[in-house]
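S.K.: Next come a sequence and a model predicted from it.
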Amino acid sequence: MKEYTLNDLSVGGQAVVTNIKCQGAMKRRLIDMGITPGVKVRLHKIAPLGDPLEIKLRGYMLSIRRSEAKNITVSKEPEA
């Protein structure tokens, strides 16, 4: 499967997190918010100016910046 970043998903797209490429405090913050390898995420919507992204994971909605989403590697799931 081809690897993408969370930033590459289109609205409604689903993926599984495979890796978090950043280090230090940013990585700890993403993990604390529930973004861990193996978790399924769905891009729910994008703000009108393109930033932030609203994703659904683990039963809740989370808004993250595009700069953070570029550090999260995902494997896309087929869209149903």
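M.R.: Now that the structure is in, tell me what you want to look at. Residues are numbered from 1 along each chain as shown.

S.K.: which other helices and strands contact the lengthiest helix in the chain?
M.R.: Using DSSP state H, we find that the single longest helix of the chain is helix 24-32. Secondary-structure packing of helix 24-32 (3 or more CB pairs under 8 Å, 6 or more residues apart in numbering; DSSP states H and E): strand 14-20. The way it works is simple: take the backbone N, C-alpha and C, and place the C-beta from them, glycine included.

S.K.: Partner strands of the strand it packs on, with direction?
M.R.: Next to strand 14-20 in the sheet, as set by DSSP bridges, lie strand 40-46 (antiparallel), strand 72-76 (antiparallel).

S.K.: quick one: average confidence on the longest helix of the chain?
M.R.: Per-residue pLDDT values over helix 24-32 give a mean of 92.

S.K.: what comes up buried for that helix?
M.R.: By neighbour count on 16 or more other CB atoms under 10 Å, the buried set for helix 24-32 is residue 30.

S.K.: okay, the angle between that helix and strand 72-76?
M.R.: With axes from the mean of the first three to the mean of the last three CA atoms, to 10 degrees applied, the angle from helix 24-32 to strand 72-76 works out at 40 degrees.

S.K.: List of residues touching helix 24-32?
M.R.: 20, 22, 64, 68, 71, 72 (CB atoms under 8 Å, 6 or more residues apart in numbering).

S.K.: ok, of those, which one's closest to residue 48?
M.R.: residue 64 (16.4 Å; CB to CB).

S.K.: Quick check: pLDDT value at the closest one.
M.R.: 94.
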